[in-house]
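K.L.:
Okay, sequence plus prediction incoming.
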Amino acid sequence: MKPILNDIEARIIGCLMEKSIVTPDQYPLTLNALVNACNQKSSRNPVMSLEKGEVQRAARELASKHLLMVEENFRNGVERFEHRFCNTAYGDYQFDSAQFAIVCLLLLRGPQTPGELRARSGRLHDFPDNTAVSEVLDGLMNLDGEPLVVRLPITPGRRDCEYMHLFCGPVEGGSSEAAPRTERSAPAPSRVTIAELVDRVSRLELEVAELRQLLESQAEGENAHAGSSLGD
């Protein structure tokens, strides 16, 4: 049975999944790094402005549900947070890298089309085309008899359906039936679109944010070590 998360819990799980892959040297995350990841301006929808206390309380709740583990370094007193949501001995789900990428992106950015998921997944998994994304979504709509994702009705002005996860509960208008599939065609000549340029800018912003988090984490460790030395 899939867990039911609130919006903050879903953001925390998505961030921990993302950082475990894209910045493994910083993972598990400190509380400050987790707050920064939750409040990132890029690669997040909606953008949140969570306080440290809100994130800490939600993390404790996730730990009580066995979806997150809190590690404490007794030498410097710094807590670090690691998800148990999937792909661990304690998680209910074992995703391959493609499924992991889709679930992570849906937790972080909400409803998205296959094309959007493919454009945004580069640091998590390399999909050859939109059809490959759709095939993974179809599998997640009935994973071992349990729907984890639903397809939403096409909204006016859009060509493709959006998909959304079910970890925050049922989604109005969602369908677990696979969309009609067109025959896979040969890849079109490579052209840089506005959407791709926007995504590249978002990735650069994300890398800057991750570097900032790394510097802050190093500063935390140095300050904690200095405090410990003075105490000695």
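P.N.:
That came in fine, so what should we check first?
K.L.:
Got the domain ranges for this protein?
P.N.:
For the chain, the structural domains run 7-91+199-231, 97-187, going by automatic domain parsing.
K.L.:
Which among those is found nearest to Met1?
P.N.:
Among the domains of the chain, domain 97-187 comes nearest to Met1, with 7.9 Å by Cβ to Cβ. C-beta here means a position set from N, CA and C on the backbone, and glycine is covered the same way.
K.L.:
How far does that closest one sit from its chain's centre?
P.N.:
Averaging C-alpha positions (Cα atoms, centre = their mean, to the nearest Å) puts domain 97-187 14 Å from its chain's average.
K.L.:
if we can go back for a sec, mind putting the domains of the chain in TSV, mean pLDDT, mean neighbour count and distance to Met1 included?
P.N.:
Below are the domains of the chain laid out as TSV (pLDDT from 0 to 100; neighbours: other Cβ atoms under 10 Å; distance: least, Cβ to Cβ, whole Å):
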stretch	mean pLDDT	mean neighbour count	distance to Met1
domain 7-91+199-231	88	16	12
domain 97-187	90	17	8
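K.L.:
Checking my notes, Gln40 in a helix, right?
P.N.:
No. Applying DSSP: H, G, I helix; E, B strand; the rest coil, one finds Gln40 to be coil, outside a helix.
K.L.:
what's next to stretch 93-112, contact-wise?
P.N.:
For stretch 93-112, the external contacting residues (Cβ atoms under 8 Å, 6 or more residues apart in numbering) are 10-11, 13-15, 17-18, 21, 43-46, 85-87, 117, 120-121, 124-125, 127, 132-133, 136-137, 139-140, 143, 148-149, 152, 162-165, 167.
K.L.:
Out of these, name the ones that lie in helices.
P.N.:
Under the assignment DSSP state H, these contribute 10-11, 13-15, 17-18, 21, 117, 120, 132-133, 136-137, 139-140 to helices.
K.L.:
which one of those is nearest Gly157?
P.N.:
Closest to Gly157, out of all of these and judged by Cβ to Cβ, is Leu117, at 19.0 Å.
K.L.:
where do the strands sit along this structure?
P.N.:
Along the chain, counting by DSSP state E, strands occupy 29-30, 68-72, 79-83, 149-151, 163-165.
K.L.:
now the second one, how far from the centre of its chain.
P.N.:
When C-alpha coordinates are averaged (Cα atoms, centre = their mean), strand 68-72 and its chain have centres 18 Å apart.
K.L.:
Gln56 touches Asn32, doesn't it?
P.N.:
No. Gln56 is beyond contact range of Asn32, at 10.6 Å (criterion: Cβ atoms under 8 Å).
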